[in-house]
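K.L.:
pasting a predicted model and its sequence here:
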Amino acid sequence: MAKIADLLAAGPTYSFEFMPPRTEEMLRNLEKTLLELEPLGPSFCSVTYGAGGSTRDNTLDAVLYIHHDTSMLAMPHLTCVGQTREEIEALLVRYRDEGLENVLALAGDPPADGPVAGDFTYSCELIELARSIGDFSVCVAAFPEVHPRSPSRESDRRYLADKLRLADFAITQFFWTADHYFRMMDELDALGVTTPVIPSVFPVINVATAKRFTSVNGCEFPARLSEKFDPIADDEDEVRKLGIEVATDLAQELLSQDVPGLHIYTLNRSASAKEIWKNLGLSSLNG
């Protein structure tokens, strides 16, 4: 196994994000997607966690499948919302005992039907707990356009800087304009933070879904993209093709500025991720 912090110290990482399956059929689909992406040799894969911890067991199952049944490095997401200390401790102990060395600590989203109480409020508390239980490489989330629940840009960056001083690295929420990422990095640099922050890209597969996710994250879906996507929104193939093109362009712009890596959302499908990988010339990573 490997720690992602060590991989980042050696050079850029290229990784995928998966969602935990909610049904048996979705599990089979995820397994198929993993088999299709494994030959690309990604640096690691992350597995998300549903709002309010709603997919905790599914996340565990998906992570253990990647860990034991593929050659890929798995990093589970952990969230504060709706979780007791005992639940998170038990998960961390299980991950440690299974030989996992990387976790992503998140504050997390409250479920749609309202907030759920838990023993944690901030991801910094999860970082401390993870460090007390195992020798984990700990990742946190960064929001280039500011976290939707932050009172101000200044307080958001101060809190992010505090998180990054405790963590080993970060992965961003997705964004559509590279300038958001570079502005955030300049602001962190001004606060004396040098922790690696990996940008992520989101290949659009469905226009309405992409706009909804963007809105939930408090981000801007640029008018220039709406002008391209809206006329073809009902044509699945055209949307996917344009989604690949937009994600590739953004990824190339980021990589040209020596970012520490690239994290690609898969939405548990392989086609768009494989195309972006090929467009970026990353196939050579795996020999």
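P.N.:
Here it is on my side, so go on.

K.L.:
buried residues of the strand or helix carrying Tyr65, list them for me.
P.N.:
In this structure, Tyr65 sits in helix 56-69 according to DSSP states H and E. For helix 56-69, the neighbour count (16 or more other C-beta atoms under 10 Å) marks 56, 58-67 as buried. The C-beta positions use only the backbone N, C-alpha and C, and glycine is treated the same way.

K.L.:
can you list those in CSV and add pLDDT?
P.N.:
Below are the buried residues of helix 56-69 laid out as CSV (pLDDT from 0 to 100):
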residue, pLDDT
Arg56, 64
Asn58, 81
Thr59, 84
Leu60, 86
Asp61, 87
Ala62, 90
Val63, 92
Leu64, 93
Tyr65, 92
Ile66, 94
His67, 95
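
K.L.:
of those residues, closest to Leu262?
P.N.:
The nearest member of those to Leu262, counting by C-beta to C-beta, is Ile66 at 18.9 Å.

K.L.:
contacts only, for the closest residue in space to Asn29 that isn't next to it in sequence.
P.N.:
Spatially, and ignoring its direct neighbours in sequence, Asn29 is nearest to Asn268 (6.2 Å; C-beta to C-beta, 6 or more residues apart in numbering). With contact taken as C-beta atoms under 8 Å, 6 or more residues apart in numbering, Asn268 is in contact with 18-19, 21, 26, 29-30, 33.

K.L.:
which among these count as buried?
P.N.:
Buried, going by 16+ other C-beta under 10 Å: 18-19, 21, 30, 33, out of those.

K.L.:
which ones among these map onto helices?
P.N.:
Among these, the residues falling in helices (DSSP state H) are 30, 33.

K.L.:
how about the buried ones among the contacts of Asn268 in TSV, adding pLDDT?
P.N.:
Below are those laid out as TSV (pLDDT from 0 to 100):
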residue	pLDDT
Phe18	96
Met19	92
Pro21	88
Leu30	93
Thr33	96
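
K.L.:
which of the buried ones among the contacts of Asn268 sits closest to Val47?
P.N.:
Among the buried ones among the contacts of Asn268, Phe18 lies closest to Val47 (C-beta to C-beta), at 5.2 Å.

K.L.:
bridged to the closest one, which residues?
P.N.:
Judged by DSSP bridges, the bridge partners of Phe18 are Val47.

K.L.:
list the contacts of it.
P.N.:
Applying C-beta under 8 Å, 6+ apart, the residues contacting Phe18 are 30, 33-34, 45-48, 62, 66, 266, 268.

K.L.:
can you list the buried ones among the contacts of Asn268 in a markdown table and add distance to Leu73?
P.N.:
Formatted as a markdown table, the buried ones among the contacts of Asn268 follow (distance: C-beta to C-beta, whole Å):
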| residue | distance to Leu73 |
| --- | --- |
| Phe18 | 13 |
| Met19 | 18 |
| Pro21 | 20 |
| Leu30 | 17 |
| Thr33 | 16 |
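
K.L.:
as a quick check, tell me the outermost residue of the protein.
P.N.:
Pro231 (29.1 Å; C-alpha atoms, centre = their mean).

K.L.:
state the distance from that residue to Val239.
P.N.:
For Pro231, the distance to Val239 equals 10 Å [C-beta to C-beta, to the nearest Å].

K.L.:
repeat that for Thr48.
P.N.:
On the measure of C-beta to C-beta, Thr48 and Val239 end up 22 Å apart.

K.L.:
tell me where the protein has helices.
P.N.:
4-10, 24-37, 56-69, 85-98, 123-133, 153-166, 178-190, 207-216, 223-229, 236-255, 271-279.

K.L.:
now those in CSV, with distance to Val140?
P.N.:
Compiled in CSV, the helices of the chain are given as follows (distance: least, C-beta to C-beta, whole Å):
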stretch, distance to Val140
helix 4-10, 12
helix 24-37, 24
helix 56-69, 17
helix 85-98, 15
helix 123-133, 6
helix 153-166, 5
helix 178-190, 12
helix 207-216, 19
helix 223-229, 28
helix 236-255, 19
helix 271-279, 23
